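1. Here is my input, please return the structure:
(one chain, ligands or ions: 1)
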Amino acid sequence: KLQKVEENDDDVGEEELFPARGLFDEKSCLSRYESLWYRRRRGLKRRTPSPDLISKLRSYEARHKRCSPYTDSYNKTVDYLVQNSSTFSCKYVVWISMNGLGNQMLSMASAFLYALLTDRVLLVDRGVDIPDLFCEPFPEASWFLPSDFPFTSNHFNSRSPQSYGNLLRNKRNTNTNITDESYIYLNLAHGYDKYDKRVFCDADQTYLQTIPWLVIKSDFYFVPALFLMPSFQQQLHQLFPEKDTVFHLLSRYLFHPTNSVWGLVTRYYQAYLSKAHVITGIQLRIFRIKPLLEQILSCTMRENDVLPKIKDKDKDKDNNKSTSNLKNNTTVAVLITSLSSGYYDKIREMYLENPTAAGEVVGVFQPSHEEFQQTGKHSHNRKALAEIYLLSLTDRLVTSGWSTFGYVAQGIGGLQPWILYRPENPTAPDPPCRRAMSMEPCFQGPRSYDCNSRRGGMDKDVRHCEDMSRGLKLV
Ligand code: GDP
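-> Just a heads-up that it's a prediction; the model follows:
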């Protein structure tokens with residue numbers, strides 16, 4: 001039976017991240033507070049928010065309430081958008097979903113941080129299934145963009161004349177400033193160009209601050225780009241004295257699975273994982289070239305102590321008591337997530353047919369195998385979110401390089417995974433994997449030049465990612 005979370009003082013620091021309990025109907029979103037218990041049960045290392053972050057979030061919540069859909073302030077700013085009024089009361093970031101769930105969660109958290117830094121309000125386009133997946137994070141006000149908002153999501157793409165990149169391009173020869181726009185679209189997705197990337201330059205931010213509606217479509221975790229901007233650096237360092245906790249804290253604040261997803265998480269966890277002494281998560285993303293079993297075993301058994309080793313038959317041939325006389329009673333649950341079931345079959349079989357060297361009892365589990373990516377199908381993303389969450393509750397995590405699905409799991413869980421290198425050809429990469437430098441996700445589409453000198457820029461806060469040399473991450 002679940003213990004009441006409030007009885008334990010250890011959770012105080014973590015609960016401070018959230019608005020006061022009385023402001024929410026707890027039953028409508030059980031994960032909001034129950035997740036604390038699951039995390040504590042696994043003894044996951046707590047990373048507490050700074051007092052500055054807590055007060056920033058509380059003042060954000062007040063602003064969100066004041067500017068939320070259909071308030072006078074919102075109505076007035078929509079009037080400004082459709083040019084029925086000459087003033088506006090609030091400034092917004094409208095987030096529109098694109099690509100898979102991992103990409104969506106990374107860009108949503110980035111857009112939220114951008115809203116925190118620039119005193120804006122985040123409104124979220126519902127997309128196909130966002131309300132099915134996530135509870136409302138802010139008290140007494142909705143974060144969803146109303147369906148009668150003057151523009152629909154397909155109004156915005158890289159060809160939109162209102163995209164910041166296109167506005168800059170069109171004005172570049174006229175030597176004039178861009179005029180006051182009522183809204184600007186920020187195209188921050190794979191394939192974006194050097195004009196779009198100017199969003200990450202201080203001089204351009206000065207102009208963008210004056211625009212009440214900024215619409216963002218992105219599939220990136222663009223937080224490292226914000227850390228590279230001198231105008232945001234001081235604030236960011238105050239909010240996040242531990243730089244490697246940015247996504248961890250923001251994701252725990254924002255992403256509370258709805259009851260239907262949380263039911264999948266808790267039922268699965270209780271049935272298959274909760275009794276194990278150690279839970280090891282292995283996320284195997286199927287891209288064009290699949291991870292290789294050889295690579296997985298070499299990473300987890302030969303080069304690192306992530307999975308229990310198999311008993312060496314030759315060395316122990318005199319010892320025929322191996323299966324009945326276990327040296328220890330440790331139970332290990334291996335949670336595999338993948339679109340395919342092939343790895344699960346092989347790893348499960350390996351532990352069934354062979355005793356382990358140290359006598360651990362190993363169970364292997366995989367919640368689903370959806371075979372191929374089906375972004376936009378309701379039950380598909382519910383399962384994906386449940387699996388991301390289950391991976392976040394593991395003690396040790398192995399992820400697949402380049403996969404945002406894995407980045408989100410490690411971030412929510414506060415885990416530094418072993419990252420399997422993405423195979424370039426059908427032979428196993430050597431080395432097969434490496435330990436992540438931090439739990440932060442990788443920004444896979446960094447700006448390509450320094451804003452002032454137009455040269456590539458790096459900084460003490462960021463490093464190139466373990467799994468993608470052009471990417472940047474906070475460490
Ligand atoms: P990325 O493509 O690996 O960066 O991650 P995304 O989450 O953005 O997109 C992949 C999508 O494929 C996910 O959102 C899921 O819908 C699906 N998917 C990929 N791997 C898995 C998996 O292990 N389990 C489930 N249930 N879905 C997966």
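2. contacts, neighbours, all on C-alpha from now
-> OK.
3. Of all residues in the stretch 151-300 of the chain, which one is closest to the ligand?
-> In the stretch 151-300 of the chain, the residue that lies nearest the ligand is Arg285 (5.2 Å; Cα to the nearest ligand atom).
4. didn't that residue look like it was pressed against Ser338?
-> Yes: with contact defined as Cα atoms under 8 Å, Arg285 counts as touching Ser338 (5.9 Å).
5. Setting the sequence-adjacent residues aside, check what's closest to the residue in the stretch 251-400 of the chain positioned nearest to the ligand.
-> For the stretch 251-400 of the chain and the ligand, the shortest gap (Cα to the nearest ligand atom) falls at Ser338, measuring 3.2 Å. In this structure, Ser338 finds its nearest non-sequential neighbour in Leu284, 5.0 Å apart by Cα to Cα, 6 or more residues apart in numbering.
6. Which residue ranges of the stretch 201-350 of the chain form strands?
-> 213-218, 278-284, 331-338 (DSSP state E, counting those that start in this stretch).
7. Tell me what angle the last one forms with strand 278-284.
-> Pointing back at strand 331-338 there. Strand 331-338 and strand 278-284 are oriented at 20 degrees to each other (axes from the mean of the first three to the mean of the last three Cα atoms, to 10 degrees).
8. Would you mind checking the average pLDDT for strand 331-338?
-> Computed over strand 331-338, the mean pLDDT rounds to 97.
9. Ok, stretch 398-409 next?
-> Here the average pLDDT along stretch 398-409 is 98.
10. Buried by neighbour count: which residues of that stretch qualify?
-> Taking 16 or more other Cα atoms under 10 Å as the neighbour-count basis, stretch 398-409 is seen to contain the buried residues 398-409.
11. Could you tell me which of the residues you listed belong to strands?
-> Cross-referencing the buried residues of stretch 398-409 with the strands (criterion: DSSP state E) gives 398-400 as the overlap.
12. Including distance to Glu360, could those go into JSON lines?
-> As requested, these are arranged in JSON lines below (distance: Cα to Cα, whole Å):
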{"residue": "Val398", "distance to Glu360": "19"}
{"residue": "Thr399", "distance to Glu360": "23"}
{"residue": "Ser400", "distance to Glu360": "25"}
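13. ok so, going back, of the strands of the stretch 201-350 of the chain, which is nearest Glu371?
-> Across the strands of the stretch 201-350 of the chain, the minimum distance to Glu371, taken as Cα to Cα, is reached by strand 331-338, at 8.3 Å.
14. With just CA atoms, put that closest one into PDB.
-> Extracted as PDB, the C-alpha positions of strand 331-338 are listed here (Å, rounded to 0.1, in the frame of the first residue of the first chain):
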ATOM      1  CA  THR A 331      16.800 -10.100  -7.800                       C
ATOM      2  CA  VAL A 332      17.300  -8.000 -10.900                       C
ATOM      3  CA  ALA A 333      14.500  -6.800 -13.100                       C
ATOM      4  CA  VAL A 334      15.600  -5.900 -16.600                       C
ATOM      5  CA  LEU A 335      13.100  -3.600 -18.300                       C
ATOM      6  CA  ILE A 336      13.600  -3.400 -22.000                       C
ATOM      7  CA  THR A 337      11.800  -0.900 -24.100                       C
ATOM      8  CA  SER A 338      11.900  -1.200 -27.900                       C
END
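15. Give me the packing partners of that strand, helices and strands only.
-> With contacts defined as 3 or more Cα pairs under 8 Å, 6 or more residues apart in numbering; DSSP states H and E, the packing partners of strand 331-338 are strand 278-284, strand 361-365.
16. Can you say which of those is packed in most?
-> Of all the helices and strands packed on strand 331-338, strand 278-284 has the most neighbours on average by mean count of other Cα atoms under 10 Å, namely a mean of 24.
17. Provide the strand pairings for that strand, with the direction of each partner.
-> In the sheet containing strand 278-284, the strands it pairs with under DSSP bridges are strand 331-338 (parallel), strand 396-400 (parallel).
18. Stretch 439-446: how far from the chain's middle?
-> The gap between the average C-alpha position of stretch 439-446 and the chain average comes to 10 Å, counting by Cα atoms, centre = their mean, to the nearest Å.
19. buried ones in that stretch?
-> For stretch 439-446, a neighbour-count test (16+ other Cα under 10 Å) marks 439-446 as buried.
20. just stretch 142-157 next, same as before
-> Neighbour-count burial for stretch 142-157, counted by 16+ other Cα under 10 Å, picks out 142-145, 153, 156.
21. got the contact list for the residue nearest in space to the middle of the chain?
-> Among the residues of the chain, the one closest to the centroid is Val408, at 3.3 Å (Cα atoms, centre = their mean). Residues near Val408 by Cα atoms under 8 Å, 6 or more residues apart in numbering: 102, 105-106, 388, 441.
22. near the ligand, which residues of the chain?
-> Proximity of the chain to the ligand is confined to 99-103, 285, 337-339, 368, 373-375, 380-381, 383-384, 403-405 under the rule Cα under 6 Å from any ligand atom.
23. Among those residues, name the buried ones.
-> Buried positions within the residues of the chain next to the ligand, assessed by neighbour count (16+ other Cα under 10 Å), are 100-103, 285, 337-339, 368, 375, 380-381, 383-384, 403-405.
24. Which stretches in the stretch 351-475 of the chain count as helices?
-> Across the stretch 351-475 of the chain, reading from the start of the chain, the helices by DSSP state H, counting those that start in this stretch fall at 378-392, 404-413.
25. and the angle from the last one to strand 278-284?
-> The reference is to helix 404-413. What separates the directions of helix 404-413 and strand 278-284 is an angle of 150 degrees, with the same axes, to 10 degrees.
26. Tell me which helix or strand comes right after the helix or strand Arg58 falls within, heading toward the C-terminus.
-> For Arg58, the enclosing helix or strand under DSSP states H and E is helix 51-67. Remark: after helix 51-67, the chain's next helix or strand is helix 72-81, criterion DSSP H and E.
27. buried ones in that following helix?
-> Per 16+ other Cα under 10 Å, helix 72-81 contains these buried residues: 73-81.
28. Check stretch 53-62 too.
-> For stretch 53-62, a neighbour-count test (16+ other Cα under 10 Å) marks 53-54, 57-58, 60-61 as buried.
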